[in-house]
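Undergrad: quick check, what structure comes out for this input:
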Amino acid sequence: TDEVNPGRSEVCNGIDDDCDADVDSAASCPCNLERNGDHTYLFCDFRLTWFEAETACEVQDNYQLAVINDEPEQDWLWATASGIEADSWWWLGLHNQNAAWYEEPDGGFEWVDGSAVSYTNWYPHWPNTQPDNSWGSEDCVHIDADHGYWNDLSCERNSYSGNDLYFVCESTLP
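TA: Numbers count the residues shown, from 1 in each chain. Model prediction:
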């Protein structure tokens, strides 16, 4: 098409606009750009609430908060996030904001794209076994850079317990 050709400038939109075999470029995107398989990820190391992070991802055409489908993707994402900012937590696109009270604390989770939850990596160790819906208001999920496990947390937070909450966007196009 006219929008994708060798003479076109690259735009941060999940598409190889300039036909150089790379989807997006670091210069065209607002965050740290990384690739894993056929997906492009943006690791955004600035503090936002889950809602603000969701909007920030969606502002970039064809991006959303990251959806993790399996252990290799989880391991790669954790290692990459830890390499960018070792002491921070990273919002993922998993939430249970639509869950009924009787599904809490561990039911009703869904990805931002509506796909089924086929893989999880919740923190498994007592007394902090997750998800726990502490205070009845923890409906969004982050990955802890220290150990890679997931934790539910209030969607309204941009930091907690001395840790900043950053976020990962993922291209929705293969």
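
Undergrad: and the helices in this protein?
TA: With DSSP state H as the criterion, the chain has helices at 50-59, 71-84.

Undergrad: who touches the longest one?
TA: Contacts made with helix 71-84 from outside it, assessed by CB atoms under 8 Å, 6 or more residues apart in numbering, are listed as 32, 34, 36, 41, 43, 45, 66, 68, 88, 90, 119, 121, 143, 145, 148, 166, 168. Placement of C-beta: from N, CA and C, glycine included.

Undergrad: give the ChimeraX command for selecting the buried subset of the residues you listed.
TA: Command for ChimeraX, covering only those of the contacts of helix 71-84 found buried under the criterion 16 or more other CB atoms under 10 Å:
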select :32,34,41,43,66,68,88,90,121,143,145,148,166,168
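
Undergrad: how near is the nearest residue to residue 67 once chain neighbours are set aside to residue 35?
TA: Using CB to CB, 6 or more residues apart in numbering and skipping residues adjacent in sequence, the residue nearest residue 67 is residue 111, 4.6 Å away. According to CB to CB, to the nearest Å, residue 111 and residue 35 sit 20 Å apart.

Undergrad: more neighbours, the two?
TA: Set side by side, residue 111 and residue 35 show more neighbours around residue 111, with 20 against 13, by other CB atoms under 10 Å.

Undergrad: contacts only, for the more buried one.
TA: 67, 93-94, 117.

Undergrad: could you do residue 171 as well?
TA: Taking CB under 8 Å, 6+ apart as the test, what residue 171 contacts is 14, 23-24, 39-41, 62-63.

Undergrad: tell me which of the helices of the chain sits most buried.
TA: helix 50-59 (a mean of 19; mean count of other CB atoms under 10 Å).

Undergrad: mean confidence for it?
TA: In this model, helix 50-59 has a mean pLDDT of 98.

Undergrad: which strands or helices does that helix pack on?
TA: Counting contacts by 3 or more CB pairs under 8 Å, 6 or more residues apart in numbering; DSSP states H and E, helix 50-59 is packed against strand 39-44, strand 63-65, strand 89-95, strand 163-171.

Undergrad: as a markdown table, those strands with distance to residue 19 and mean pLDDT would be great.
TA: Listed next are the helices and strands packed on helix 50-59 as a markdown table, based on distance: least, CB to CB, whole Å; pLDDT from 0 to 100:
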| stretch | distance to residue 19 | mean pLDDT |
| --- | --- | --- |
| strand 39-44 | 16 | 96 |
| strand 63-65 | 20 | 98 |
| strand 89-95 | 29 | 98 |
| strand 163-171 | 17 | 97 |
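
Undergrad: so which of the ones you listed is nearest residue 104?
TA: With CB to CB, the closest approach to residue 104 among these belongs to strand 89-95: 12.4 Å.
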